[in-house]
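>>> Dropping a prediction and its sequence here:
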Amino acid sequence: MEGHSEFWTIFGHAIKITDALLVIFTFFLFLATALLWWSTRNLVRETGAHGQRALRAYVSVVSGGIQVVNLTQGGQGIAIHVELKNSGQTPGYDFTAWMKQPRILPATDTPFDQPTPVDQRAGTSIIGPGGSTHINWTMAATPAELADIQAGTKRVFVWGGANYSDIFGKKRAFIFRDTNPDGVTAIVGSTWALKPHKVGYYGD
């Protein structure tokens, strides 16, 4: 009866078959473990990033408008209201909000300049989840300016924003740039919605 070899010859070396199988099995086990570790690491990173996105504070404009009013000192003007809200699930810390003086300018202008420096704003606060802050501004407007706004040759430009830190310590910023919509009626009592300018908003 012909015998069966219990050895493999690899690179001129005789290796017992059981030892060779053990080496091969160990190699594939190591490879599978390495792949599992790599996949788990990526999953943990993805889950962590997703968790932060789901939990962090998000400040943005949720409402606002412009109304033509009679001024207490006489004449007419426009009253502007903007509401910023934290729509996230955690507070925003070191929170400050700002709004530049609104301007009535030719409709084709893009007058948005740099944010008000943080050290020139009111003191910092905390905006809780679901919390809001309201920014109001009233300014005079001449009859000619109101007529130009109604004609569409001029617009009211409104811009501002907020800075804050999320619960993970990352500094965040939000900037809104708005104007009035087309086809408004510019008489006392008229209320116009805020319309995002084509330059757009900024948020991180």
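Happy to help now that I have it.

>>> residue contacts, residue 101?
By CB atoms under 8 Å, 6 or more residues apart in numbering, residue 101 lies in contact with 137, 139. Any C-beta I mention is one placed from the backbone N, CA and C, and that applies to glycine too.

>>> tell me the SS of it?
coil (DSSP: H, G, I helix; E, B strand; the rest coil).

>>> Tell me, what's the model's pLDDT at the nearest residue to residue 136 once chain neighbours are set aside?
Closest residue in space to residue 136, ignoring its immediate chain neighbours: residue 81 at 5.4 Å, by CB to CB, 6 or more residues apart in numbering. What the model reports as pLDDT for residue 81 is 97.

>>> In terms of helices and strands, where is residue 81?
Residue 81 belongs to strand 76-86 when assigned by DSSP states H and E.

>>> May I see the buried residues of that strand?
76, 77, 78, 80, 81, 82, 84, 85, 86 (16 or more other CB atoms under 10 Å).

>>> what's the residue nearest to residue 136 in contact with, if anything?
63, 64, 65, 66, 67, 134, 135, 136.

>>> Look up the residues forming beta bridges with it.
Here residue 81 sits in beta bridges with residue 65, residue 136, as judged by DSSP bridges.

>>> in the protein, which spans are strands?
7-10, 13-16, 59-70, 76-86, 92-99, 103-106, 125-127, 132-140, 154-165, 171-179, 191-193, 195-196, 202-203 (DSSP state E).

>>> Poorly predicted segments of this structure, please.
Residues of the chain that meet the criterion pLDDT under 70 lie in 1-25, 36-51.

>>> redo that, cut-off 80
Low-confidence segments of the chain (pLDDT under 80): 1-30, 32-52.

>>> Break it down into its domains, please.
7-54, 57-203 (automatic domain parsing).

>>> so of those, which one's packed in deepest?
domain 57-203 (a mean of 16; mean count of other CB atoms under 10 Å).

>>> Now do it: distance to the chain's middle.
16 Å (CA atoms, centre = their mean, to the nearest Å).

>>> Span of it from start to end?
12 Å (CA to CA, to the nearest Å).

>>> Next: stretch 99-118.
12 Å.

>>> Stretch 65-83 now?
9 Å.

>>> Stretch 61-79 too?
Stretch 61-79: ends 17 Å apart by CA to CA.

>>> Now do that stretch: everything it contacts.
Under CB under 8 Å, 6+ apart, the answer for stretch 61-79 is 80-85, 87, 102, 132, 136-143, 146, 156, 158, 176, 178, 180, 186-194, 201.

>>> Now that residue 203 has come up, it's in contact with residue 173, right?
Yes: with contact defined as CB atoms under 8 Å, residue 203 reaches residue 173; the gap is 7.3 Å.

>>> what are the bridge partners for residue 193, then?
Applying DSSP bridges, one finds that residue 193 bridges with residue 65.

>>> Does it touch residue 181 like I think?
Yes: using CB under 8 Å, residue 193 is in contact with residue 181, at 6.1 Å.

>>> Could you measure from the residue nearest to residue 166 when sequence neighbours are not counted over to residue 127?
If the residues on either side of it in the chain are set aside, residue 166 comes closest to residue 56, at 4.2 Å by CB to CB, 6+ apart. Applying CB to CB, to the nearest Å, the value for residue 56 to residue 127 is 12 Å.
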